[in-house]
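Enquirer: predicted structure and sequence below. I'll ask about it afterward.
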Amino acid sequence: MSKRRILALVLCVALIPAVALTACSGDKSDASSKIVIGIPQDLEDSLDPHEATAAGTREVLFNVYEGLLKPDPTGDIVPAVASDYSVSVDGFTYSFILRDGVKFHDGTNVEAEDVKYSIEKCAGLTGGQVLIAGLSNIESVEIADKNLIDITLKEPDMDFPAYIANTNAAIIPRSNSKPATNPIGTGPYMYVSRSPQDNIVLKKFDGYWGTPANIEDVTLKIIPNADSIVMNLNGGAVDMFARLTVTQTQQLNDNFEVLEGEMNLVQALYLNNAVKPFDNVDVRRALSYAVDVDNILELTSEKKGFPVGSSMFPAFSKYYIDLSDSYPTDIEKAKELLASAGYPDGFSFSITVPSNYQPHVEAAQVISEQLKKIGVNANIKLVEWNTWLSDVYTARNYEATVIGVDASSLTATAMLDRFVSDAENNFTNYSDPAYDELFAKLYITPGDEERVEIYKELQKNLAENAANVYIQDMAEFVALSDKYEGYTFYPLYVQDFAKLKLKGQ
Amino acid sequence: MKAVLKKLLTFIITVLLVTLFVFVAFEMIPGDAATARLGINATPEALEKMREEMGLTRPFFVRYFSWLGSFFFGDMGVSYSYGVSVRSMLASKLPITLTLTLMAFIMVVVLSIPIGLYSSKYEDRVFAKVIDVSGQLVMSIPPFFLGILVTYVFGMLLHMFTPGGFVSYDINFGKFISYLIFPALAIAVPKAAMSTKLLKTSILSERRLDYVRTAYSRGNSTMDVLYKHVLKNAVIPVITFLGMTLADIVAGSLVIEQVFSIPGYGRLLISSIANRDYPVVQAIIAIIAMIVIFINLLVDVTYQVLDPRLRGN
Amino acid sequence: MKNLMFRIRKNPEMYIGAAIIVVMLAIIICGVIFSPYDPDAMDASAKFADPSPAHPMGCDNFGRDLYARLSIGGATTLFIAVATVFIGVIFGIIIGALTGYYGGVVDEILMRFNDAVLAFPSILLALVFISLFGSGTFKVIISLGILFIPSFARIVRSEFMRCSKLDYVRSARLMGAGDLRIMFVHILPNIIPVLLSSTVIGFNNAVLAEASMSFLGIGVQPPSSSLGRMLSEAQAFLFSEPSYAIITGVTIALIVLGFSLLGDGLKKNA
C-alpha cells in the first residue's frame, strides 16, 4: 500500500465522525415525561438524610425522603408518614399515628419500628451522636401500639413538630445498613443512580401514598461551573435551573420562563466573631456602616432582593421585624468606630466564598470594594464547595464569608438557634450571654405573644451587636423550559419536583 | 530492547515519583479528610475514630506503600466523599477521558501531517501563508477560550451540537462520539498548529540536505522525494513532539471538560482535591501518569522503527 | 533605513513580534499611568456601559472601567509571566549547569526526576501545588515557576554537555580556570541565544497557564484582575455582552502572538 493511500485512508477515517455528526445532529425530542434539572453542586455531604448538612443537598432529598410530618408550600406543617398527631396537655409527649399503607421505595411497608429507629438515630439515642440539633431534646421514643408512636421530650418545645417535619428527620428503613450509598425513603421520587460530579437520576415512585408525581424521570445534572449554566440552558441540555442571577436570566432565550420568588435565606457577610478584629463589636458595627446594601443590590441583582438587618427572613412574617435600617451607610461613622476600636488605619482580612455560588461571589466583590473606603482591605478567597463546608462551616477556620443561611426546618428558631454560644452549628462563634439567656427563655415561655416578643428581641440583639453584616433575602430566579409548568415556591429552601408537569399533562 | 527496558524502568520510577509527590502534598495540606467527611456535628472523639477507621493514624510510608501495593493489584480504596469503591467510580469515567484524549490526538495527527506537507511543498503560495498565519493565531488563544468559541460558533450559531448535552457512551455511543468531536477539536487545533509548524520547518531543513539533492539529481520526481525520503526523516521530530504533546492534551482535556460540561476525570479530580478525597486523587493522578508515560513509550518504539540510526544501539 | 528594511525582510517574525509587543506594552502602560479610573471602582450607573470617550472600552458588570482593568490585569499577567520565567530560568540554569557539566549519578537522578515532571500534565501539578499553598497571585507565581524549572534545566543541561567538550572550554581548563568560572563566565554567555528564545516561549506558556488556572478558579483571586481572571469572568456574560470576552481574549491572543513571533525570530537568529 502506498503512503498516499494510507494517507487517504486516514483522512477518510477522520471524516467519518464528522459525517455521522451531521446525520444525528437534529435532536428528536420524544414526549415521554422526563426533565433535566441543573444543580450547582453534587450532593457530597451524604445521601443519608440524617447526615446531610448542605441546603443544596436537603432541597433535593426533600423529594426522596419524608418525615412523620412535612412542610407544605404555604408554610404549614402537614402530616406525611404520620396521618395525625397529638400533644399531651403538659407538652411533654407527642403521639404520632402511623399512616396506613405508606411504602418505602423498596416496596416494604413502613412499620413503627422503622420510625423508632429513624428518630432514635437522629436524636443520638442509640449510642451515636445527635444528628439533628433540634431533636436532642428527645427523652425517649416508644411504640405504644402497632401504629402509634409516643415521643417524650426532656423539655416541652412548641417547635418540635417543625423539627420532625425537617427532611433531615426522615423515616428510613431500619434494615438498610448503607443509607449513604443506597438511599431508600418514602417520598414521591426514588433514587436510581448517581455518577459523581455528573448526575443523579430519580424516578417516580409508583407506590407513593399521596398525590403522585407528574414527571416520570428526573435527572439532576451537576453544573459547578456557574459560567456554563446559561449555555446549558440555552443549548437545551437542561430544562430547569433554580437560583440564577439576574445577569444569567437576561441571557436566556425565549424557550424559558423566568419565575421570581424569594430564596428564604439570609445572605450576609458572616464574621467569625472569635477572631481578631471581629471579636470587637465596634469593628463589626463599622463594617455594617460601611457596607451599602442598596448598592450591592443595584450592582448585582438589578435591585431585586429584600434587604434584611438580622438573621430572619420576611417569610416568617409572624416573627420577622424589619431591622434593615439599623446601619444606614455612613462612612464617617464607620471610620470613627474603627479608630475607637484601635484600627485607625484599617486592617486586612479575607472573605472565603464558595466559587460555585455566583451571587455570593459577586456580593463579596462589591463588599470588598466598599470596605476600601474605610481603609479595610478585604481579599477574596474562592474555594470549592466542599472546602467551604469543611473549613468554614465545620472547622470554623476562617475570618469572614459571604453565604446564605436558610432555615433547616419550618421554625423561626432554626434561624436563631445557631447564635447560642455553645450551639454546634454556631459557625460564626457568636457569643453573648444576654442572647443565650433570652434564647433559653423560649423554652419556658408558654404564651404565644410573649414568645414572638422574644424572637424579636433575639433579632434585635443580633442587629445591635452587628453579629454579621446582614445583606438580604435574595430574589430567587428560576428558569423553567416552556415545556413544563407547576414550579412551586416554598417558604423554605426546597425544590418540589413532584409538582412539576409537562404543559397540558 | 535495552532501550525499551530502560524506558520501562523510567516509566515505573516516574509513576512512583508522581504518586509519592501527591502523597507528600496531601500530607502538608492543612485540614484533614476526617473533618471533611464528618461535617458539622463531629465531636473530637468521633473524628479520632474516623481517622482510625480511614487509616490516617498510621505512619506516612506505611500508608504510601500499602496504597501502592493495593493499587498494583487493582484495589484503589474507597472514596471518602462517595463511599463507593474508587475503582468502580473511575472505571465508568475512564472511557470518557480516554476517548476525548485519543480523539484529540488523532485529530492532531490527521490535521497536521497533510497541512504540513501542503504548506512545505507549496511554501510560497498564498494559501500556505494563510495557513501559517492562522496557525500562529490559533496557538495564541488560551485553550479554554477556544473551547468557548467552539461552543459558541458550532453549538449556538450553527446548532451542530447541544452545548452541555453530553451523552454517555453506555447510553448512545454515536451521540457520545459526535458530542466529543467538538471538545476534541478545541483541544486539537492549537496542538495541530504547532505540529504543522514543526513538520514544515523540519521538512524544509531536511530538503536542504545533500541526500535530497542527490535524489533529485538522480531524476526522482518531487513527490517521490518528498514522500520516500524527506517525510521519513522529517517526521521524527514531529513524533517526538507528539509524544510530548500528549501530556498537554490530557491536561487540556481536564480544562476543556469544564467548558463542555463533560463528566470525565477533570471535574472529579478538581472536586476530589478540594474534598481531600485522597484515594480518588491518587488513583486519577496515577492513571493519568500511566497513560501519558505508556503512550510515550509507544512513541519511543515507533521512533526506533522509523529511524535506523537509533536501531543499532 | 535600507539596512533596516533588509533586516525586516530577512526576519519579519522578529520585527512584527517586537512591534506587537511594543504596542501592547504601550497600551497597558498608558492605561496604568494615565487612566483616570481606579480599576476596582464600581459604578452602578455605568453597568455594561458602551465604549465612549469617557470609557474607551466600555465597562463591566460592576461598572468598572474595562480599559483600566485591562491594563492593570495585563500588567499583573505580564508580571506573573516574567516572575515565573525568572524562577524557571534561574533554577534551570543552576541545575542544568551543574548536571550538564559534572554528569554522574546526581545528573542521572535529577534528570529522571525531570522527566517525571515533564511527562506529567503541568496543570495537574499546579492544582496540587495550589491546594498546598493556597491561591493568589504570588502562589500562582511560585507554583508555575517551580513547574517551569525542569524544561529550562533540560535545555541548559544539553547545551552545557555540548559546550563542555568544546575546545574553548578545554583551553580555559588548561589555563587553570575553576569549574565555576568555566561554567558561568565561559559557557553561559555562549548559550544565551538558545536560552533567550526558549525564555520567550516560556513567557507564552506562563500567560496561557495563568489563564487556564484562573479559569479553573485557582489563579488570581477577585477583585484583583488578571487577563485570565477577566476572561473567565467575561464568560458569564458571553451572550449579553460578548464584547467583554472578545476584548480580553484578543488582548491575550495578541500578547502571546507577539511573543511567539519574537521567539521564532530569535531562534532564526541564534
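Expert: It's in.
Enquirer: poorly predicted segments of the chain, please.
Expert: In the absence of a named chain, chain A is used. Along chain A, segments meeting pLDDT under 70 span A:1-32.
Enquirer: nope, chain C please
Expert: C:1-2, C:119, C:132, C:270.
Enquirer: what ranges does it have for its helices?
Expert: C:2-10, C:12-34, C:66-102, C:104-118, C:122-133, C:137-163, C:167-174, C:179-181, C:188-215, C:227-234, C:242-269 (DSSP state H).
Enquirer: repeat that for the stretch 101-250 of chain A.
Expert: Listed in chain order, the helices found in the stretch 101-250 of chain A under DSSP state H, counting those that start in this stretch are A:112-123, A:160-164, A:229-235, A:246-250.
Enquirer: including distance to B:Leu149 and mean neighbour count, could the ones you listed go into CSV?
Expert: (Each C-beta comes from the backbone N, C-alpha and C, glycine too.) Shown next, in CSV, are the helices of the stretch 101-250 of chain A (distance: least, CB to CB, whole Å; neighbours: other CB atoms under 10 Å in any protein chain shown):
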stretch, distance to B:Leu149, mean neighbour count
helix A:112-123, 51, 22
helix A:160-164, 51, 24
helix A:229-235, 12, 25
helix A:246-250, 20, 20
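Enquirer: possible to save those as a markdown table with distance to C:Arg9?
Expert: Rendered in a markdown table, the data for the helices of the stretch 101-250 of chain A read as follows (distance: least, CB to CB, whole Å):
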| stretch | distance to C:Arg9 |
| --- | --- |
| helix A:112-123 | 81 |
| helix A:160-164 | 82 |
| helix A:229-235 | 46 |
| helix A:246-250 | 50 |
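Enquirer: can you list the ones you listed in JSON lines and add distance to chain B?
Expert: Putting the helices of the stretch 101-250 of chain A into JSON lines (distance: least, CB to the nearest CB, whole Å) gives the following:
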{"stretch": "helix A:112-123", "distance to chain B": "11"}
{"stretch": "helix A:160-164", "distance to chain B": "15"}
{"stretch": "helix A:229-235", "distance to chain B": "3"}
{"stretch": "helix A:246-250", "distance to chain B": "14"}
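Enquirer: show me where the stretch 1-150 of chain B has its helices.
Expert: With DSSP H, counting those that start in this stretch, the ranges of helices along the stretch 1-150 of chain B come out as B:2-28, B:33-38, B:44-54, B:60-72, B:86-121, B:126-139, B:143-150.
Enquirer: helices or strands up against the third one?
Expert: Helix B:44-54 makes packing contacts with helix B:33-38 when contacts are defined by 3 or more CB pairs under 8 Å, 6 or more residues apart in numbering or on different chains; DSSP states H and E.
Enquirer: for chain B, what are the nearby residues on the stretch 101-250 of chain C?
Expert: C:112-113, C:115-116, C:118-125, C:127-129, C:131-132, C:204, C:208, C:211-212, C:215-216, C:228, C:231-232, C:235, C:238-239, C:245, C:249 (CB under 8 Å from any CB of the partner chain).
Enquirer: so which of those residues are also by chain A?
Expert: Restricting those to those touching chain A (CB under 8 Å from any CB) yields C:232, C:235, C:238-239.
Enquirer: go through the helices of chain C and name the closest to B:Ile287.
Expert: Evaluated over those, closeness to B:Ile287 peaks at helix C:122-133, with 11.5 Å, by CB to CB.
Enquirer: what's near enough to touch C:Met111?
Expert: When contacts are counted by CB atoms under 8 Å, 6 or more residues apart in numbering or on different chains, C:Met111 is found next to C:99, C:154, C:157.
Enquirer: which one of these is nearest chain B?
Expert: Compare each of those with chain B using CB to the nearest CB and the shortest gap goes to C:Arg154, at 11.1 Å.
Enquirer: any idea how far C:Met111 is from that closest one?
Expert: When distance is defined by CB to CB, to the nearest Å, C:Arg154 is 8 Å away from C:Met111.
Enquirer: how about C:Asn269?
Expert: 29 Å.
Enquirer: before we move on, what about C:Ser212?
Expert: Between C:Ser212 and C:Met111 the distance, using CB to CB, works out to 27 Å.
Enquirer: and for B:Leu5?
Expert: Counting by CB to CB, the gap between B:Leu5 and C:Met111 amounts to 17 Å.
Enquirer: B:Val24 now?
Expert: To C:Met111, B:Val24 is 21 Å away according to CB to CB.
Enquirer: of the helices of chain C, which stretch is the most buried?
Expert: Neighbour counts averaged per stretch over those are highest for helix C:227-234, at a mean of 27; criterion: mean count of other CB atoms under 10 Å in any protein chain shown.
Enquirer: quick one: that one to helix C:137-163, angle?
Expert: Using axes from the mean of the first three to the mean of the last three CA atoms, to 10 degrees, the direction of helix C:227-234 lies 130 degrees away from that of helix C:137-163.
Enquirer: and the angle from helix C:227-234 to helix C:242-269?
Expert: Here helix C:227-234 runs at 150 degrees with respect to helix C:242-269, directions being taken by the same axes, to 10 degrees.
Enquirer: how far is helix C:227-234 from where the chain is centred?
Expert: Relative to its parent chain, helix C:227-234 has a centroid offset of 17 Å by CA atoms, centre = their mean, to the nearest Å.
Enquirer: can you name every helix or strand that that helix contacts?
Expert: Counting contacts by 3+ CB pairs under 8 Å, 6+ apart, the secondary-structure elements packed against helix C:227-234 are helix C:66-102, helix C:188-215, helix C:242-269.
Enquirer: show me what from the stretch 151-300 of chain A comes close to chain B.
Expert: Proximity of the stretch 151-300 of chain A to chain B is confined to A:178, A:180-181, A:195-199, A:221, A:223-225, A:228, A:231-232, A:234-238 under the rule CB under 8 Å from any CB.
Enquirer: and chain C, which of those residues reach it?
Expert: Among those, proximity to chain C is found for A:228, A:231, A:234 (CB under 8 Å from any CB).
Enquirer: mind checking how far the spatially closest residue to the first one that is not a sequence neighbour is from C:Ile218?
Expert: Setting aside the residues directly before and after it, A:Ser228 is nearest to B:Ser261 in space (CB to CB, 6 or more residues apart in numbering or on different chains), at 5.8 Å. In this structure, B:Ser261 lies at 19 Å from C:Ile218, with CB to CB as the measure.
Enquirer: then A:Ser311?
Expert: When CB to CB is applied, the distance between A:Ser311 and C:Ile218 equals 32 Å.
Enquirer: C:Ile155 too?
Expert: Going from C:Ile155 to C:Ile218 by CB to CB gives 28 Å.
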